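> sequence first, then the predicted structure, then my questions.
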Amino acid sequence: MPSKSILEKKQAVVAELVEKIKNSPSGVVVNYQGITVENDTKMRKALREAGVSYTVMKNTLTGRACEEAGLGDMKQYLSGMTAIAIADNDPVAPAKVLKEYAEKIESFEILAGYLDGKVVDKETVTYLADIPSKEVLIAKFLGSIKSPLYGLAYALQAVVDKDGEAAPAAEEAPAEA
């Protein structure tokens, strides 16, 4: 039986993780077995730059935090060497970075994740990773709006140009009496 101080420390760690999970739009659980120190360092840097916190914690503590955060179904994925990546703002950021490393490192594997308070499977996380970034989606949207407007503007300009060419010819033509 752990001492009271150790138990309080563990409860504080779980409470902190619960708050992170509740305040985040998404997260991803991975099996990090087989990743080298060099790749782990690069991955953690990429996650930090993307606004994602990456935590390696005992599965029992992670499971308890997930349960308290309303993600009890996540416990089934917590076996082996697991870590959880939690997004601060961008819901697809952890999936994108971790998918890149899962493709590079054979033993590194995405297990599951959560999105908007619901547990999602590996396939859903992979699908999220394939979604273009917010900036790309906005650019595509604006481009799709802009394209028909340019077409309309060119068509109207062609009509104006055509009428402009026809008007002088009409003025020069002799009037029939």
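Looks like it came in fine.

> quick one: contacts for residue 134?
Going by Cβ atoms under 8 Å, 6 or more residues apart in numbering, residue 134 touches residue 90. (Each C-beta comes from the backbone N, C-alpha and C, glycine too.)

> so who does the nearest residue to residue 55 once chain neighbours are set aside touch?
Spatial nearest neighbour of residue 55, excluding adjacent residues (Cβ to Cβ, 6 or more residues apart in numbering): residue 84 at 5.4 Å. Taking Cβ under 8 Å, 6+ apart, we find residue 84 in contact with 17, 27, 28, 29, 30, 54, 55, 57, 62.

> any low-confidence regions in the protein?
1, 164-177 (pLDDT under 70).

> got the domain ranges for it?
4-131, 132-177 (automatic domain parsing).

> tell me which of those sits most buried.
Of all the domains of the chain, domain 4-131 carries the top mean neighbour count, a mean of 17, counting by mean count of other Cβ atoms under 10 Å.

> centroid residue for this protein?
residue 92 (0.8 Å; Cα atoms, centre = their mean).

> so that residue sits against residue 135, correct?
No. The criterion here is Cβ atoms under 8 Å, and residue 92 misses it with residue 135 at 11.9 Å.
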